[in-house]
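Visitor: need a structure here:
(one chain, ligands or ions: 1)
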Amino acid sequence: MDILVEQNLQSVRRQMELACLASGRKPDEVKLLLATKTVPVDKLEQAMQAGETLFGENKAQELRSKFPLMQQYGQVEWHFIGHLQTNKVKDVIKYVTLIHSVDRLKLGQALHQQLRNEHKTMDILVQINTSYEESKFGVLPEAALELVEQLSQFDSLNIKGLMTIGKLGARRDETRDCFRLLKQLQMQIKAKELPRVEMGILSMGMSGDYTVAIEEGATIIRVGTNVFGQRYLPDGYYWNEDVRGG
Ligand SMILES: *Cc1c(COP(=O)(O)O)cnc(C)c1O
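Guide: Okay, the predicted model is just below:
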């Protein structure tokens, strides 16, 4: 069955608008990032033709294979949203303008080293495990400030905000608590006025919970399934530490 990417996009865009209206926010405060893991390039092309320009990948290898194909169609911006292994840093920084998933000092060090060698800088978000689920990456909320302080020593990294994956399959109020926690951490960290730490971006909300995330202050939502249909691989394949590859 063909997936109606354009219609799905219209519906997501409409829901975004309604959620903004309902919470007194301006629709242009929230960006839609399309999460494209496992999605073939022809579907991405359909999204581009519908006017979408912001895409996110979870694995270095998939990013590398899609990037040149997509460049043929026009100018799009890529973010990295998956678990990033230090040995993939060199590859990933070639393609993306923002890394959502910096969650440990070692990764910050690896990024800084490579960026310095290339005389480059990179915008990053710090990923927080707001649901305390073991299957999720991200620094625990109580360790977030310390990690941001440590990362702020690296002058090649611009810390633009925070990212989280809300509790999945949970009651709406539990998911909302995750997003509220991220917002609180944003305010706490911002108040410290650390060098190169801006905290303007909150990346939170996926297909099942993006309207809640918008109500709680998301500035980037990351949507895959609602636009491209169900994936064949379970998300654990992308989120668990013990998987191989990318
Ligand atoms: C897959 C993924 C998404 C999108 O999830 P959907 O439920 O398909 O919308 C968002 N964020 C991350 C980090 C992902 O891996």
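Visitor: close to the ligand, is the biggest helix by length in the chain?
Guide: Ranked by residue count under DSSP state H, the longest helix found in the chain is helix 172-191. No - figure legend: helix 172-191 not in contact with the ligand (Cβ under 6 Å from any ligand atom); closest approach 12.2 Å. Just so you know, the C-beta spots here come from the backbone N, C-alpha and C atoms, and that holds for glycine as well.
Visitor: residue boundaries of the helices in this structure?
Guide: Using DSSP H, helices in the chain cover 5-22, 41-49, 60-71, 89-92, 105-117, 144-151, 172-191, 210-215, 225-228, 236-239.
Visitor: let me have the ones you listed in JSON lines, extended by distance to residue 126.
Guide: Converted to JSON lines, the helices of the chain look like this (distance: least, Cβ to Cβ, whole Å):
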{"stretch": "helix 5-22", "distance to residue 126": "24"}
{"stretch": "helix 41-49", "distance to residue 126": "27"}
{"stretch": "helix 60-71", "distance to residue 126": "20"}
{"stretch": "helix 89-92", "distance to residue 126": "16"}
{"stretch": "helix 105-117", "distance to residue 126": "9"}
{"stretch": "helix 144-151", "distance to residue 126": "6"}
{"stretch": "helix 172-191", "distance to residue 126": "8"}
{"stretch": "helix 210-215", "distance to residue 126": "17"}
{"stretch": "helix 225-228", "distance to residue 126": "25"}
{"stretch": "helix 236-239", "distance to residue 126": "17"}
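Visitor: so which of these is the most surrounded?
Guide: helix 210-215 (a mean of 23; mean count of other Cβ atoms under 10 Å).
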